[in-house]
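1. Give me a 3D structure for the following:
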Amino acid sequence: MDGIGAGIYAFLNRLLIPTGLHHALNNVFWFDTIGLGDLSHYWAGDTSANVGWSLGMYMSGFFPCMMFGIAGAALAMIKAAKNKKAAIGLVLSAAICAFICGVTEPFEFGFMFLCFPLYVVYAALYGIFTIITYYVGFRAGFCFSAGATDLVFSSFLPAANNTLMIIPLGIAAFVVFIWYSTLRSPSSTSRPRAVRMKKPTSQRLTRMPSWQITTSPQLQLQSSKVWAARRT
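-> Numbers count the residues shown, from 1 in each chain. Next up is the predicted model:
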């Protein structure tokens, strides 16, 4: 399936992160479990001529999303946040971590359980960019994750190709992920109506004359006479 198959893999890789089952897919496509081993062959210095697929196709699509896409999503979230200082501390630090070393869990676990439909869209964007990177010929690999550090080191290996394509791909991912972060789930579009709270009973009773608080009719009549005498 070439690029389409790589895109499906990238989509499932992100989608299964909440359960941890993405590691099962990684063992199939990145390591030599069933004869593929995209990561193993890439860092062994092989080329596409030595294997039966375009070497690096199962890793390249992660770079624009992790390095630039998450940064765009973080910028949009900070802009929309009411408490910008807290958002900067949480989201911006996660974006920097993703750009440098490709660690995305601080960002992903911050919203995947709050709004899973948006996380599905997030995973789909990985699949789309993996397909795009396949057809534009961008090839890169990683031994840890798809961050800038691995991109620099992998660019010196024989299987690397069109490394500078990360710039236009990254810009595209940055813009698309900004749009993605402005989406809202159907459950979050309606705001809860404000509820007017009644004052506590004790506060209401203290403002009432004492003769109105009593329950006995005789005491109420007697108290009303005393209250009227005080007013005159």
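2. Okay, helices next: where are they in the protein?
-> 2-15, 22-29, 38-43, 62-64, 70-80, 84-87, 93-101, 105-108, 116-136, 148-154, 166-181, 201-206, 210-213, 217-231 (DSSP state H).
3. of all the ones you listed, which gets the most neighbours per residue?
-> helix 62-64 (a mean of 29; mean count of other Cβ atoms under 10 Å). Where you see a C-beta, it was placed from the backbone N, CA and C, and this is true even at glycine.
4. Counting by contacts, list what that one packs against.
-> Taking 3 or more Cβ pairs under 8 Å, 6 or more residues apart in numbering; DSSP states H and E as the contact definition, the neighbouring helices and strands of helix 62-64 are helix 116-136, helix 166-181.
5. Compile those into CSV and extend it with columns for distance to Phe29.
-> Converted to CSV, the helices and strands packed on helix 62-64 look like this (distance: least, Cβ to Cβ, whole Å):
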stretch, distance to Phe29
helix 116-136, 11
helix 166-181, 21
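6. which stretch among these comes nearest Leu75?
-> Judged by Cβ to Cβ, the one of those that comes nearest to Leu75 is helix 166-181, at 6.4 Å.
7. quick revisit: and the helices of the chain: which comes nearest Ala49?
-> helix 38-43 (11.1 Å).
8. just to revisit the earlier point, reformat the helices of the chain as a markdown table; add distance to Gly56.
-> Output for the helices of the chain, formatted as a markdown table (distance: least, Cβ to Cβ, whole Å):
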| stretch | distance to Gly56 |
| --- | --- |
| helix 2-15 | 10 |
| helix 22-29 | 12 |
| helix 38-43 | 6 |
| helix 62-64 | 10 |
| helix 70-80 | 21 |
| helix 84-87 | 35 |
| helix 93-101 | 19 |
| helix 105-108 | 23 |
| helix 116-136 | 9 |
| helix 148-154 | 8 |
| helix 166-181 | 13 |
| helix 201-206 | 71 |
| helix 210-213 | 82 |
| helix 217-231 | 90 |
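9. Dump these into CSV; add mean pLDDT and distance to Leu55 as well.
-> Converted to CSV, those look like this (pLDDT from 0 to 100; distance: least, Cβ to Cβ, whole Å):
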stretch, mean pLDDT, distance to Leu55
helix 2-15, 94, 12
helix 22-29, 91, 12
helix 38-43, 94, 6
helix 62-64, 97, 15
helix 70-80, 89, 26
helix 84-87, 87, 40
helix 93-101, 94, 23
helix 105-108, 90, 27
helix 116-136, 94, 12
helix 148-154, 96, 11
helix 166-181, 92, 17
helix 201-206, 50, 75
helix 210-213, 51, 86
helix 217-231, 62, 93
